[in-house]
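*Asks:* Requesting a structural model of the entry that follows:
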Amino acid sequence: MNTPNLPPTALSAALSATFALLGLASLSGCATEDEHGDADLRMGYDLDCPRWRCGYNSAEVNGKSVRELRLDGQANADGVAIAGFLPPLGGLLGWELGVEGDSLVARGGLLGTSTLRGAQLVGSTILFDLGEGLSLPVLIAGYEEVEAWGAGDPIAAYSLVYLDLDGLGLQRSVCQGTLTDPLLASVVVLAGERYDEDTKTVVPDQDGWITLGCAGSASAKLALLGYGPHGDVDGEGTSATVAQRQATLKMITADYCGTGEAHTVDGVPLEWENRAGTVVPATLPPAGSLEAIWTEAGALCLDEPRLGDDVVLGCELPSCGDLTLDDGEWATYAVLD
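*Replies:* The predicted model follows:
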């Protein structure tokens, strides 16, 4: 993917929209979770469920999904393609967007030897081809490093903002539901892997693909727990296996039966613990609070559903009895009243 091959009028319109957004980029930069202060309250969430726990809808622009994207310019299932990349101040010298691990990088420049990463990407623009001759610039308006919930280094996250073509030019985040402050809705990147939303399964070995996980989404939680495709699951730099990642996805979404049916809503308190010991409950779970033991097939057993005893399942699961965390990848604990 090189400099976008767009008609002059389309490129001009894209650049105009980009420069209109640059004022927003000047307010952003590299931040940590704590620097947003009471931002979660301003977004309508309380501090008991911050934005990386209770977040936003799937990534989209103008009603089209950008949750999964190819880096080679081919369109995704919703017909959206990455058409080009413009570095800060709009240089047009053959830049390409790529990844290093699960972080975005851009390579190019006059001699093709320059690299932008981290906060250096703020002010850059990703040009999207939405089909039917419509191009839309999406600004990398912010960058932050989110402390991992397990082992490993902080996770790179990016605020992606565009001008809503159907909304009177309002600035919107690609993470829907964040109009009041689009900079708060960061995404993490999971490279070379996709996630089937219907079956709640991992689709591995997807070279050239990236998944954008909005704050609070299952894929973002997967990354923060250290179970992304390039994550650190044990504190020694080891990436989780596909089975471990799928067990994590089942656990996050409460897909007890392993059929893709989720049983979870935002704001429900839950503690979790992995077999590697890199993710542990914040407090010692009281007796009787064990929810389930999780494997890649779903819940191995079930005691206390996180949504209460009114949950109706399409399968029968035994009590956890003498089973322990050693029998699965995760144990979860319902936070009792």
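
*Asks:* Can you list the low-confidence ranges for the chain?
*Replies:* Along the chain, the parts satisfying pLDDT under 70 run over 1-49, 55-56, 90-93, 165-169, 177-184, 336-337.

*Asks:* for the host helix or strand of residue 188, packing partners?
*Replies:* Using DSSP states H and E, residue 188 sits within strand 186-191. The helices and strands touching strand 186-191, judged by 3 or more Cβ pairs under 8 Å, 6 or more residues apart in numbering; DSSP states H and E, are strand 134-146, strand 155-163, strand 209-214, helix 218-224. Where you see a C-beta, it was placed from the backbone N, CA and C, and this is true even at glycine.

*Asks:* what are the pairing partners of that strand, and which direction each?
*Replies:* With DSSP bridges as the test, strand 186-191 is paired with strand 155-163 (antiparallel), strand 209-214 (antiparallel).

*Asks:* quick one, what contacts the nearest residue to residue 214 once chain neighbours are set aside?
*Replies:* In space, and not counting its chain neighbours, residue 214 is closest to residue 175: 3.7 Å by Cβ to Cβ, 6 or more residues apart in numbering. Counting by Cβ atoms under 8 Å, 6 or more residues apart in numbering, residue 175 touches 55-59, 160, 185-187, 214-215.

*Asks:* Equivalent analysis for residue 188, please.
*Replies:* 102, 146, 155-157, 212-213, 219-220, 223-224, 228.

*Asks:* returning to that earlier point: among the contacts of residue 175, name the buried ones.
*Replies:* Neighbour-count burial (16 or more other Cβ atoms under 10 Å) is assigned, among those, to 55-56, 58-59, 160, 185-187, 214-215.

*Asks:* Just give me the neighbour total for the residue lying closest to residue 79 once chain neighbours are set aside.
*Replies:* Counting by Cβ to Cβ, 6+ apart, residue 79 lies nearest to residue 131, which is 4.4 Å off, once chain neighbours are set aside. Neighbours of residue 131 under the rule other Cβ atoms under 10 Å: 13.

*Asks:* I'd say residue 131 and residue 76 touch.
*Replies:* No: shown here, residue 131 and residue 76 do not form a contact pair, counting by Cβ atoms under 8 Å, at 10.8 Å.

*Asks:* how about the helices in the chain?
*Replies:* Under the criterion DSSP state H, the chain contains helices at 8-25, 39-42, 218-224, 242-253.

*Asks:* which helices and strands does the third one pack with?
*Replies:* To tie it back to what came earlier, the one meant is helix 218-224. Applying 3+ Cβ pairs under 8 Å, 6+ apart, we find helix 218-224 packed against strand 186-191, strand 194-196, strand 209-214, helix 242-253.

*Asks:* repeat that for 6 Å
*Replies:* Judged by 3 or more Cβ pairs under 6 Å, 6 or more residues apart in numbering; DSSP states H and E, helix 218-224 is in contact with strand 186-191, strand 209-214, helix 242-253.

*Asks:* Pull out the buried residues from the last one.
*Replies:* Using 16+ other Cβ under 10 Å as the test for burial, helix 242-253 gives 242, 244-253.

*Asks:* export the residues you listed to JSON lines and tack on distance to residue 298?
*Replies:* Shown next, in JSON lines, are the buried residues of helix 242-253 (distance: Cβ to Cβ, whole Å):
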{"residue": "242", "distance to residue 298": "15"}
{"residue": "244", "distance to residue 298": "14"}
{"residue": "245", "distance to residue 298": "14"}
{"residue": "246", "distance to residue 298": "10"}
{"residue": "247", "distance to residue 298": "9"}
{"residue": "248", "distance to residue 298": "12"}
{"residue": "249", "distance to residue 298": "10"}
{"residue": "250", "distance to residue 298": "5"}
{"residue": "251", "distance to residue 298": "9"}
{"residue": "252", "distance to residue 298": "12"}
{"residue": "253", "distance to residue 298": "10"}
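
*Asks:* picking that back up, next, format the contacts of residue 175 as CSV and append distance to residue 286.
*Replies:* Formatted as CSV, the contacts of residue 175 follow (distance: Cβ to Cβ, whole Å):
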residue, distance to residue 286
55, 28
56, 32
57, 34
58, 35
59, 38
160, 41
185, 35
186, 34
187, 36
214, 33
215, 29
